[in-house]
Each structure stands twice: as structure tokens, then as C-alpha cells.
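Q: Fold the following, please.
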Amino acid sequence: MAKWSPPNKKYGDKELDQLAKEFDEYLDQPDSLWFKTFWISKNIDYDQAVEFSERHPPLMEVFKKARHWQTSRLLERGLKKELSEGLVKLVLYNTAGWSDRRQLSGDAQNPLAMLITDIDGTSKNLVSD
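A: Residues are numbered from 1 along each chain as shown. Next up, the predicted model:
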């Protein structure tokens, strides 16, 4: 198995520009789905790649694109039933900030009452009002 890139290896602007270009080209391939695969193929630890992007704006821009592409491609493939719905949900919950939100009213007598907050901050119970 290939070794990860050592943390002390020097990556200057020239090397990071090249990585950004290659990463962008990887994202443009129709079969690219999971962008961490690119970093694995380069033997660069993903956490180190994130650190590179934090100090190199062109690479950060490609990371932003990658996050959007990954979410979009996962969702599209899930909708087309090319990927398991459960797998797509799990990945998007853990990587794209998705969540199921259910909020109870806080009313002990009627905990399932639905509330709406008016602009002035008052609440109205949609069930009994």
C-alpha cells in the first residue's frame, strides 16, 4: 500500500496550483462522485489537503466546487435510483449538513401542537386557535 504524503513535504504555490488544476479536472469527469478519492489517488491525506486549501485560495475554490458537485451528484443518483436512498441520506446527513428536524410545541398538554411565530415574536397554535 502506498504511503501517505509526509506532513513535512513542501507544497509551494506552484505545486498547489497544479493540485488545484488536477482536482478541478477530476471533478469534471462524469464518474467522479466522492472527492476524497482524488486525494487518496495522490497519496495525500485529506486533512492535509484541507490545510492546503486554507492557505491557498485557488485550491479553496475547487474545494467549494467539489462540495456542491458531490452533493448534487449524490442527490441526482439517488433520485435516479442508481444509489441506495438510505446510503445517499446517510452520506448527505454526514457531509452536507442535512438533517431531519421535528419540533414539538413545548406544551405539556398538547406536545404535538404546531406553532407559527409571527413577525412580532408571538406564537399561534395552529391546532386549537
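Q: Could you tell me which ranges of this structure sit under the pLDDT cut-off?
A: Along the chain, the model assigns pLDDT under 70 to residues 1-9, 94-129.
Q: Let's see that with 80 instead.
A: 1-10, 83, 85-129 (pLDDT under 80).
Q: Which residues outside the top helix by length along it are in contact with it?
A: In the chain, assigned by DSSP state H, the helix with the most residues is helix 57-79. By Cβ atoms under 8 Å, 6 or more residues apart in numbering, the residues outside helix 57-79 that reach it are 16-17, 19-20, 23-24, 27, 32-35, 49-50, 52-54, 83-85, 87-89, 91-92, 95-96. Placement of C-beta: from N, CA and C, glycine included.
Q: contacts for the helix or strand harbouring Thr37?
A: In this structure, Thr37 sits in helix 36-41 according to DSSP states H and E. Helix 36-41 has contacts (Cβ under 8 Å, 6+ apart) with Glu22, Phe23, Tyr26, Leu27, Ser32, Asp45, Tyr46, Ala49.
Q: Looking at those residues, which are in helices?
A: Reading helices off the contacts of helix 36-41 with DSSP H, I get Glu22, Phe23, Tyr26, Leu27, Tyr46, Ala49.
Q: Narrow these to just the buried residues.
A: Taking 16 or more other Cβ atoms under 10 Å as the criterion, what is buried in the ones in helices among the contacts of helix 36-41 is Phe23, Tyr26, Leu27, Ala49.
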